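Enquirer: what's the 3D shape of this:
(one chain, ligands or ions: 2)
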Amino acid sequence: MIPAAFDYHRPETLDEALKLLKKHGDEAKVLSGGMSLLPMLKLRLASFAHLVDINRIPGLDYIKEKGGNLCIGAMTRQAALERSDLIRTKYPILADAIPLIADPLVRNRGTIGGNVANGDPGNDQPAIMLALGATFVAQGGKERTIPANQFYKGLYSTALAPNEILTEIRIPAPPPRSGGAYAKLKRKTGDFAVAAAAVAADPRKERRDRARRHRPHECGTDAHRGGRRREISRREDAGRENHRRGRAAGGGEELAERGPPRHGRIQEGNGPRSDDTRAAQGGAARRGELTMAMHKISVTINGAVREAEVESRLLLVHLIREVFRMTGTHVGCDTSHCGACTVHLDGEPVKSCTVLAVQADGAKITTVEGLAQMAASSSVQAGLSPRSTV
Ligand SMILES: Cc1cc2nc3c(=O)[nH]c(=O)nc-3n(C[C@H](O)[C@H](O)[C@H](O)COP(=O)(O)OP(=O)(O)OC[C@H]3O[C@@H](n4cnc5c(N)ncnc54)[C@H](O)[C@@H]3O)c2cc1C
Ligand code: FES
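Expert: Ligands and ions are numbered 1, 2, ... in the order given. The predicted structure follows:
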């Protein structure tokens, strides 16, 4: 599946990104690692008219200690946290938790800022941030700091305003002889937690402090994963009901009244999609109000420079397969789980179904065809081939 149409913006400074968010209000969404946002857009659970990609803004990617805090730039990838000696030696909860988040390919793209700002109680970082007493720094006109325990408002709802960008996560340095741990129960490797617990212990205090039991899908009165399922199924019911009523009215008034999925919010279930609605409206493309800019991109794929003109929503896997006709990269799922679409992007393995083609502009890509070329010229392959081993 591919996302509904949107316009893609790639600001080069924080100021530029903030101006775009201010201009487009709740029609715009920040895109960082894309590992939560793009699957949602692909499944059409959400739709936004504008994506503001903050991946190329310098200075948002760091891990350092300053003023008694561990300061982590919001664009720091989960893989960088996993490799950090500072985190491994001084922040045991983070060191425990990060390798348990998703799989290495997701961690290569996913950022700490995205995990925190997503507002999904299924994510691992929110409970950890609560246990560690973290504070979040947001920029949006002026800077403000928000304690983690005041940040989460509900399912996919946080204290961040639509025109704000989370820029830094601050975690107080652990006092001497303190410790902590994170444990996660999941159905299989790479999955979201069924239940998880983050504990930060400070022996100077008499009672166990800052311990959080985390039932990841629990949010307000909507309990556990069932809550999310109920929410989705409520939306589906609403969508089906709308669709049924629209049909009963001959595809007329009520359908037109409902209109296509609205940008800037979670959609009202699986009712008619934008394309169906467009057809039902005799081709009056409401989404057509959006100017879908095409982007000229240039990538180096398996050593050869290739250029293409792509729509914002085109996924990298489709660029590789359908535009460049390299069909060794596959699509095996709609949920970014299977890894059949894996390619190397600037040397890091990523899921090409969860990266926009336009994001690869200027990048070096290696597909399985490129790996085959490399293997063919390697001495290992040469040594094995005569014995029919490979
Ligand atoms: C197969 C799979 C398995 C996964 N398993 C787990 C798991 O076990 N545990 C887990 O915790 N996560 C899991 N995830 C989610 C993953 O960790 C995401 O990377 C993370 O939730 C979001 O980070 P991101 O950088 O990719 O954010 P994006 O997807 O780019 O953004 C997520 C949301 O946060 C907002 N946002 C992002 N950055 C900012 C910012 N700086 N300021 C303001 N808003 C921002 C976006 O607008 C969007 O609403 C999984 C994902 C996949 C695809
Ligand atoms: S993870 Fe990309 S197609 Fe399954």
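Enquirer: ok, which residues in the stretch 201-350 of the chain are in contact with ligand 1?
Expert: Counting by Cβ under 6 Å from any ligand atom, the stretch 201-350 of the chain comes close to ligand 1 at Ser336, His337. C-beta coordinates here come from the backbone N, C-alpha and C atoms, glycine included.
Enquirer: Residue ranges in the stretch 201-350 of the chain under the pLDDT threshold?
Expert: 205-292 (pLDDT under 70).
Enquirer: of all the residues in it, which ones are close to ligand 2?
Expert: Applying Cβ under 6 Å from any ligand atom, one finds that the stretch 201-350 of the chain approaches ligand 2 through Val331, Gly332, Cys333, Ser336, His337, Cys338, Gly339, Ala340, Cys341.
Enquirer: what's the farthest-apart pair in the residues you listed?
Expert: Farthest-apart pair in these is Val331 and His337; separation 11.9 Å (Cβ to Cβ).
Enquirer: Looking at the two, which is more packed in?
Expert: Between Val331 and His337, counted using other Cβ atoms under 10 Å, His337 has the larger neighbour count: 18 against 15.
Enquirer: Surely that one forms part of a helix?
Expert: No. According to DSSP: H, G, I helix; E, B strand; the rest coil, His337 belongs to no helix; its state is coil.
Enquirer: distance of it from Gly73?
Expert: Computed with Cβ to Cβ, to the nearest Å, the distance linking His337 and Gly73 is 28 Å.
Enquirer: swap in Lys64?
Expert: To Gly73, Lys64 is 9 Å away according to Cβ to Cβ.
Enquirer: So for those two, which sits in the more crowded spot?
Expert: Neighbour comparison, Lys64 and Gly73: the larger count goes to Gly73, with 20 against 10 (by other Cβ under 10 Å).
Enquirer: which residues touch that one?
Expert: Contacts for Gly73 (Cβ atoms under 8 Å, 6 or more residues apart in numbering) come out as Gly59, Leu60, Asp61, Tyr62, Ile63, Gly113, Thr167, Glu168.
Enquirer: Check the gap between it and Gly59 for me.
Expert: 7 Å.
Enquirer: cool, Thr145 as well?
Expert: 18 Å.
Enquirer: ok so Leu41 is a helix residue?
Expert: Yes. Assessed with three-state DSSP, Leu41 lies in a helix.
Enquirer: Skipping its backbone neighbours, what lies nearest it in space?
Expert: Pro3 (3.6 Å; Cβ to Cβ, 6 or more residues apart in numbering).
Enquirer: so which helix or strand takes in Ile171?
Expert: Assigned by DSSP states H and E, Ile171 belongs to strand 165-172.
Enquirer: Per the annotation, how does the chain divide into domains?
Expert: Under the assignment automatic domain parsing, the domains of the chain span 59-220, 281-375.
Enquirer: Could you check how many residues crowd around the residue in the stretch 151-300 of the chain positioned nearest to ligand 2?
Expert: Using Cβ to the nearest ligand atom, the closest approach of the stretch 151-300 of the chain to ligand 2 is made by Gly190 at 10.6 Å. Around Gly190 there are 15 other residues, counting by other Cβ under 10 Å.
Enquirer: Number of residues surrounding the closest residue to it other than its chain neighbours?
Expert: Of all residues beyond its chain neighbours, the one nearest Gly190 is Asp103 (4.0 Å), with distances taken as Cβ to Cβ, 6+ apart. For Asp103, the neighbour count with other Cβ under 10 Å is 16.
Enquirer: Now that we're looking at Asn123, what pLDDT does it have?
Expert: pLDDT recorded at Asn123 is 95.
Enquirer: List the residues that contact the residue lying closest to it once chain neighbours are set aside.
Expert: Nearest in space to Asn123, with sequence neighbours left out and distances taken as Cβ to Cβ, 6+ apart, is Asn115 at 5.0 Å. By Cβ under 8 Å, 6+ apart, the contact set of Asn115 is Ser36, Gln78, Ile101, Asn123, Asp124, Gln125, Pro126.
Enquirer: Mind picking the two most distant members of the residues you listed?
Expert: Between all members of the contacts of Asn115, the farthest pair (by Cβ to Cβ) comes out as Gln78 and Pro126, at 14.0 Å.
Enquirer: Correct me if wrong, but Gly362 is in a helix.
Expert: No. Read with three-state DSSP, Gly362 is coil and lies in no helix.
Enquirer: Give me the phi and psi angles of it.
Expert: Note on Gly362: its backbone torsions stand at phi 80, psi 0 [degrees, to the nearest 10].
Enquirer: what sits against it?
Expert: So Gly362 contacts Ile297, Ser298, Val299 (Cβ under 8 Å, 6+ apart).
Enquirer: contacting residues for the last one?
Expert: I take that to be Val299. Contact analysis of Val299 by Cβ under 8 Å, 6+ apart lists Val305, Arg306, Ala308, Leu319, Ala360, Asp361, Gly362, Ala363, Lys364, Ile365.
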